[in-house]
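Trainee: Give me a 3D structure for the following:
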Amino acid sequence: MTQTASTVSVASAGPAGHAVRVEDVPDPQVDERASRRTYTARYKLDVLAEYEQLDKAGKGALLRREGLYTSLISAWREQRDKGALAAMEAAARGPRPVDPAARENERLAAENARLAAELEQARAVVRVQGELSALLAQLSKQSADRPESEPER
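Mentor: This next block holds a predicted model:
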């Protein structure tokens, strides 16, 4: 059997000199900052229900299996007794779902505001054009009334 350098690392030889695949060697780098575990209210309630039904040996096995400490169980029990877990369970995380009618109302309100601004601008243009037309008519009438021999002042 031939082995390639990509699957076997000489530096990572296992017990008794057996070669170990590079993929099997864990990354030695440690994260700069450990992240905290977060638990959902449903998970906490499920673990509490299971924990309270077990005997002492079973409780220890549950804690080891889930990677928990008894202090967490105590804190979760207090939260449950105060009603905090039920309140947390009802609150959904993330953005609130948007009602399609509300979304359409927002779109229509924005379109209405845009069209109102366009209408106001169009009215201003028409007003200015009317004033300009009146001014030109007045100038035209004045120039028609004035004889050509009269010099401009």
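
Trainee: show me where the protein has strands.
Mentor: In the chain, the segments counted as strands under DSSP state E are 8-13, 19-21.

Trainee: weakest of the ones you listed by average pLDDT?
Mentor: Looking at these, the lowest mean pLDDT belongs to strand 8-13 (a mean of 48).

Trainee: Nearest residue to residue 80 in space, please, no chain neighbours.
Mentor: By the measure of C-beta to C-beta, 6 or more residues apart in numbering, the closest residue to residue 80 outside its immediate chain neighbours is residue 48, 6.2 Å from it. All C-beta spots, glycine's among them, are computed from the backbone N, C-alpha and C.

Trainee: what's near enough to touch the one you found?
Mentor: With contact set as C-beta atoms under 8 Å, 6 or more residues apart in numbering, residue 48 has these partners: 73, 76-77, 80.

Trainee: which of those has the most neighbours?
Mentor: Compared across the contacts of residue 48, residue 76 has the highest neighbour count, 21 neighbours, by other C-beta atoms under 10 Å.

Trainee: Tell me the pLDDT of that residue.
Mentor: pLDDT, read off for residue 76, is 89.

Trainee: For residue 47, see how far away it is.
Mentor: According to C-beta to C-beta, to the nearest Å, residue 76 stands 7 Å off from residue 47.

Trainee: so where's the protein uncertain?
Mentor: 1-18, 20, 22, 26, 30-31, 34, 85, 87-93, 149-153 (pLDDT under 70).

Trainee: Pull the distance from stretch 127-139 to the chain's centre.
Mentor: Here the centre of stretch 127-139 is set off from its chain's centre by 56 Å, with C-alpha atoms, centre = their mean, to the nearest Å.

Trainee: Over to stretch 63-73?
Mentor: Using C-alpha atoms, centre = their mean, the offset of stretch 63-73 from its chain centre is 31 Å.

Trainee: Contacts for that stretch, please.
Mentor: Residues contacting stretch 63-73 (C-beta under 8 Å, 6+ apart): 47-48, 51, 62.

Trainee: tally of neighbours for residue 121?
Mentor: Using other C-beta under 10 Å, residue 121 is surrounded by 10 other residues.

Trainee: hey, where'd the helices end up in this protein?
Mentor: 41-53, 56-66, 70-82, 84-90, 100-145 (DSSP state H).

Trainee: Between the ones you listed, which one is closest to residue 33.
Mentor: helix 70-82 (20.9 Å; C-beta to C-beta).
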